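Asks: What follows is a protein structure lacking sequence information:
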């Protein structure tokens, strides 16, 4: 269920304050993190990265704040609802565990009226590209994100981290052809021609 941006920001603030109060390490990911970096606003949910060790406690803390727990079929996250707003507590995105080293790379940024640790743009792009697959390969929402965050992204690192995904490789080739990024950055081969102008 889509919710409005103000509701998402209120939920994000509640989550941030509750987890901080209990000393639980976390980082905002997904659409809220993209928004914090200057990308398009999210209309879906609040994604929070926590370690697998901390996930049960994080859920317990949010339930104590009045949020409603949900038992998802997936084994890589847990969920709570703040009213109509879904909060995903993710501890193994795309079969890659959330580690303390990953959380160390998060930086404090303002989102709405709150300050929160936010994943770097590079990590966000890697995560979003690794989600792509035969049943989820719509590039439409990724294009404005890549355009908005392009100057904050370490594109060669994205290439390395997503090298095993043909869907990610196709997207990176597409944004090079569109001139969103340099073909050299996403291909890693200096002999390739640069893409066209940004549209």
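Replies: Everything's here; your move. What you are looking at is a predicted structure, and each value in this text was computed from that prediction instead of being measured.
Asks: Apart from its neighbours in sequence, what residue is nearest the residue most central in space within the chain?
Replies: For the chain, the residue nearest the mean C-alpha position is residue 30 (2.8 Å; Cα atoms, centre = their mean). Spatially, and ignoring its direct neighbours in sequence, residue 30 is nearest to residue 47 (3.0 Å; Cβ to Cβ, 6 or more residues apart in numbering). Bear in mind the C-beta positions are built from the backbone N, C-alpha and C, glycine included.
Asks: which element follows the helix or strand encompassing the one you found toward the C-terminus?
Replies: Using DSSP states H and E, residue 47 sits in strand 45-49. Once strand 45-49 ends, the next helix or strand along the chain (criterion: DSSP H and E) is helix 55-64.
Asks: In terms of secondary structure, what does that next one contact?
Replies: With contacts taken as 3 or more Cβ pairs under 8 Å, 6 or more residues apart in numbering; DSSP states H and E, helix 55-64 sits against helix 5-21, strand 77-82, strand 85-90.
Asks: Can I get these in CSV including mean pLDDT, distance to residue 105 and mean neighbour count?
Replies: Shown next, in CSV, are the helices and strands packed on helix 55-64 (pLDDT from 0 to 100; distance: least, Cβ to Cβ, whole Å; neighbours: other Cβ atoms under 10 Å):
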stretch, mean pLDDT, distance to residue 105, mean neighbour count
helix 5-21, 93, 18, 19
strand 77-82, 97, 20, 20
strand 85-90, 97, 16, 22
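Asks: Same list, the ones you listed, but as JSON lines with distance to residue 98 please.
Replies: Shown next, in JSON lines, are those (distance: least, Cβ to Cβ, whole Å):
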{"stretch": "helix 5-21", "distance to residue 98": "14"}
{"stretch": "strand 77-82", "distance to residue 98": "10"}
{"stretch": "strand 85-90", "distance to residue 98": "7"}
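Asks: Let me know which of these is the nearest to residue 179.
Replies: Among the helices and strands packed on helix 55-64, the nearest to residue 179 by Cβ to Cβ is helix 5-21 (29.4 Å).
Asks: tell me which strands and helices that closest one is in contact with?
Replies: Judged by 3+ Cβ pairs under 8 Å, 6+ apart, the packing partners of helix 5-21 are helix 30-36, strand 45-49, helix 55-64, strand 77-82, strand 85-90, strand 114-118.
Asks: Same list (those) but as TSV, adding distance to residue 97.
Replies: What follows is those, written out as TSV (distance: least, Cβ to Cβ, whole Å):
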stretch	distance to residue 97
helix 30-36	17
strand 45-49	10
helix 55-64	11
strand 77-82	12
strand 85-90	10
strand 114-118	18
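Asks: For residue 4, give me the pLDDT.
Replies: pLDDT for residue 4: 80.
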